[in-house]
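> Please find the sequence and the predicted model below.
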Amino acid sequence: MGTQIDLTGKVAVVTGVLGRLGAVWTDALLGAGADVVGIDRSVTVPPLLEETLSRHPEHRFQLLKADVTETDTLRAALDSCLATVGTPEILVNNAGIDQPPNTSGDSWRFGDIPAEVSASILDVNALGVLKTCQVFGAEMARGGAGSVINIGSLYGSMAPDPRLYEHLPQDPPFIKPPAYGMSKAGVAALTRYLAVLWGGQGVRVNTLSPGGVLGGQDAAFRGKFSDRVPLRRMAEATDLTGPLLFLASDLSSYVTGTELLVDGGYVCW
């Protein structure tokens, strides 16, 4: 018989909640009974999240405006969270900048990547996680309980394969920004640091690192990527919710400082 994950009474905070995966984490946490506080730079709910929220009681979700790169706005969001729903016990650091493989954006050769492009990725993906942990994670440590789940990436531990993008008619050829992998590797390092720092205060800290997740990629890319995966497919959103709820719940009560790769076996070869 399977174990039903019950997060009733728990308060979960999800940063970057208006992004594609923000709706996935929110749906899973609300479905398990948690109250969810979503944080993003905008308060305009996109259709995907709106459809997700329609399946759950309205009072169990609130959206707060804050920027993970601005500590003052995070502190204001924490104050609002404490005043309305209480101390968070689950923190999902989801906010991030990614560049999917397509021909609609700018591209550069490695030596020409503007410093401001790399800096913006590192500022959100790495420093943003650090700042959010300094505000929300520290409050959880003061409360003596909680689970911090930092959203990493396959590319925090492996280099992107340039051959996956060779078919894209782009000059210069598309390359995954190097700062992306740098930022996600840094998130995994921060996870280990905080697991040691807060272990004695009852707060567990782990990284959940998805592999390639379906999200509008072209057919050629999907085929080439899937050929690199032992399970022969890219991840569906539903493949990510079980690992998230495992890390958020007491099922992982003795798991901290680790990185859970949800990649279909990509790193095996």
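Good, I have the coordinates.
> Report the distance from stretch 129-144 to the chain centre.
Taking the mean of its C-alpha atoms, stretch 129-144 sits 16 Å from the chain's own mean (CA atoms, centre = their mean, to the nearest Å).
> Can you list the neighbours in contact with it?
13, 15, 68-71, 74-75, 77-78, 82, 87-89, 91, 93, 95, 146, 148, 150, 187, 190, 194, 197-198, 201-203, 205 (CB atoms under 8 Å, 6 or more residues apart in numbering). In short, each C-beta sits where N, CA and C put it, glycine included.
> And for Ala77, the neighbour number?
Close neighbours of Ala77, defined as other CB atoms under 10 Å, add up to 23.
> Tell me where this protein has strands.
Secondary structure of the chain (DSSP state E): strands at 11-15, 35-40, 61-65, 90-93, 146-151, 203-210, 259-262.
> In a markdown table: those strands, plus mean pLDDT, distance to Ser107 and mean neighbour count.
Output for those, formatted as a markdown table (pLDDT from 0 to 100; distance: least, CB to CB, whole Å; neighbours: other CB atoms under 10 Å):
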| stretch | mean pLDDT | distance to Ser107 | mean neighbour count |
| --- | --- | --- | --- |
| strand 11-15 | 98 | 28 | 28 |
| strand 35-40 | 98 | 27 | 26 |
| strand 61-65 | 97 | 32 | 18 |
| strand 90-93 | 98 | 28 | 30 |
| strand 146-151 | 98 | 25 | 27 |
| strand 203-210 | 98 | 24 | 26 |
| strand 259-262 | 98 | 28 | 19 |
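> Redo these as CSV? Include distance to Leu53.
Converted to CSV, the strands of the chain look like this (distance: least, CB to CB, whole Å):
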stretch, distance to Leu53
strand 11-15, 12
strand 35-40, 9
strand 61-65, 6
strand 90-93, 16
strand 146-151, 20
strand 203-210, 22
strand 259-262, 24
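> Phe246 is nearest to which of those?
Phe246 sits nearest to strand 259-262 of all the strands of the chain, at 7.9 Å, using CB to CB.
> could you say what helices and strands the closest one packs with?
strand 203-210, helix 238-248 (3 or more CB pairs under 8 Å, 6 or more residues apart in numbering; DSSP states H and E).
> angle of the shortest one against helix 238-248?
So that's strand 203-210. 170 degrees (axes from the mean of the first three to the mean of the last three CA atoms, to 10 degrees).
> and strand 203-210, which strands flank it?
Next to strand 203-210 in the sheet, as set by DSSP bridges, lie strand 146-151 (parallel), strand 259-262 (parallel).
> So what's the gap between it and the chain middle?
The answer for strand 203-210 is 10 Å, by CA atoms, centre = their mean.
> what residues are up against Ile149?
Contacts of Ile149 by CB under 8 Å, 6+ apart are Ile90, Leu91, Val92, Asn93, Asn206, Thr207, Leu208, Leu244, Leu247, Ala248.
> Which members of those are the farthest-apart pair?
The largest separation in the contacts of Ile149, counting by CB to CB, is between Ile90 and Thr207 at 14.7 Å.
> All good on my end, thank you.
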